[in-house]
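Asks: Test case, fold it:
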Amino acid sequence: MKAGPERELADRYLERLSKSGSAVGLELTGVHEIAESRARTASERKREEARKLLEFLGDGALILLDERGKNLPSREVGERLASFRNAGTRHLVVAIGGPDGFDDELKTRADLIVSFGAQTWPHQLVRVMLAEQLYRAVTILSGHPYHRD
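Replies: Below you'll find the predicted structure:
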């Protein structure tokens, strides 16, 4: 993500997350970008990107952001993150899809597929929304008043 207001806002929420997540057993280890594939067809690109993502994932849990996923309330996002934590999951990857979306086999492998609505959002805005929702989930789990039902 290039420098600019979107990156600054995403970084602000990620910094808040890194400062408050450890209190509820959720630690931010960083943001990793997987380069968009240059394969010729969409299906080849999605397969190549899925392979790279699975290599990075290892034995962790995988959450995909996809417009056809579950549209979860913020409180439930927090509960889902807590359930991964409570099950002993030490590594969790939340992935924003590329322009072609996700490979069907990767979707089958995913532990959860979440939507921010049926609309298509630019990657930069999704990163901001994701960072904010992760921070919000931590505040929900800690009982902080940031989130109000």
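Asks: hey, let's count contacts and neighbours off CA atoms from now on
Replies: Will do.
Asks: Contacts only, for the residue nearest to the spatial centre of the chain.
Replies: Residue closest to the mean C-alpha point of the chain, counted by CA atoms, centre = their mean, is residue 94 at 2.8 Å. Contact partners of residue 94, counting by CA atoms under 8 Å, 6 or more residues apart in numbering, are 62-65.
Asks: chain center to whichever helix or strand it is part of, what's the gap?
Replies: According to DSSP states H and E, residue 94 maps onto strand 92-96. Centre-to-centre, strand 92-96 and its host chain are 4 Å apart (CA atoms, centre = their mean, to the nearest Å).
Asks: If you drop the residues flanking it in sequence, what lies closest to residue 82?
Replies: residue 141 (7.7 Å; CA to CA, 6 or more residues apart in numbering).
Asks: Tell me how many other residues crowd the one you found.
Replies: Residues near residue 141, counting by other CA atoms under 10 Å, number 18.
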